[in-house]
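Participant: just to be clear, the model below is a prediction. Sequence and coordinates:
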Amino acid sequence: MGFVNGKVKKDKTNVVLGNQWDRCNSVVLSWILGTISEELYLGQVYSTIASELWTELKETYDKVDGSVVFNLHKKINSLTQNGSSLSEYYHTLNSLWKQFDVMVHIPDNTTEFKEHMEMIKLMQFLMGLDESYSQIRSIILTTESLPTIKTAYATLSREESRKNASSNTIKRNQASAFVTKTLSNQTYNPSNNTRFTRGPNPNLK
């Protein structure tokens, strides 16, 4: 970061330290150039100092206006689970929240304000869930003290695991029942070593 923000200056009195600075600066410079689009790269490919390149990019492109905030807020409020996994939905929404917090510079020194924002995010998260989570969502909303987003996610994640386990058990039971029914309609004739179909065996348990 010292090479990015310019706090690490090149030592002009010590040749060895100066050469080390050049190597580190080149590495950081290549990192920055490697993350920008081809259009920007062509305009900055001849840059030689990482901090100067970073400052120029920041002054030119690091601008947030109302339309950017609006589009991000719209994306947050329109995002739904829509059949994706619970973890994928949660992490996508959490990433958007973090972008929004950075853009609007939400203060973090007021406890009541932070609690209010946590509640808003919890409601947004619960609103976007699939209907299969409606029952557990109602339980979360009717608790005396609303949980944090992470606690709500953990609760829903356990519910998802329970549903998956139940679904697998049902599938296994159905498969076993099918095999049992198939075998019950067959009997074995040892004289010709073949099976032939007949009605259900009343003695089969």
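Facilitator: Right, received. Where do you want to start?

Participant: can I see the domain layout of this protein?
Facilitator: 2-61, 66-146 (automatic domain parsing).

Participant: next one: the shortest one to chain centre, how far?
Facilitator: What separates the centre of domain 2-61 from the centre of its chain is 32 Å, taken as Cα atoms, centre = their mean, to the nearest Å.

Participant: could you work out the end-to-end span of it for me?
Facilitator: 21 Å (Cα to Cα, to the nearest Å).

Participant: that domain - what's its average pLDDT?
Facilitator: The average pLDDT within domain 2-61 is 89.

Participant: just the strands in this structure please.
Facilitator: 186-189, 194-197 (DSSP state E).

Participant: what is the burial count for N201?
Facilitator: 12 (other Cβ atoms under 10 Å). C-beta: built from backbone N, CA, C; applies to glycine.

Participant: so S157 makes contact with Y89?
Facilitator: No: when contacts are counted by Cβ atoms under 8 Å, S157 is not listed as touching Y89 (11.1 Å).

Participant: how far away is the most centrally placed residue in the chain from K150?
Facilitator: Residue closest to the average C-alpha location in the chain (Cα atoms, centre = their mean): H91, at 2.4 Å. Note on H91: its distance to K150, by Cβ to Cβ, to the nearest Å, is 12 Å.

Participant: need the pLDDT of T143.
Facilitator: Taking T143 on its own, its pLDDT is 85.

Participant: OK, contacts around it?
Facilitator: Shown in contact with T143 (Cβ atoms under 8 Å, 6 or more residues apart in numbering): no residues.

Participant: over to it: give its phi and psi.
Facilitator: With angles defined as degrees, to the nearest 10, T143 sits at phi -70, psi 150.

Participant: nearest to K163, out of the domains of the chain?
Facilitator: domain 66-146 (7.5 Å; Cβ to Cβ).

Participant: next one: the closest one to chain centre, how far?
Facilitator: 13 Å.

Participant: residue numbering should commence at 24 henceforth.
Facilitator: With 24 as the first residue, the last one maps to domain 89-169.

Participant: distance across it, terminal residue to terminal residue?
Facilitator: Using Cα to Cα, the two ends of domain 89-169 sit 32 Å apart.
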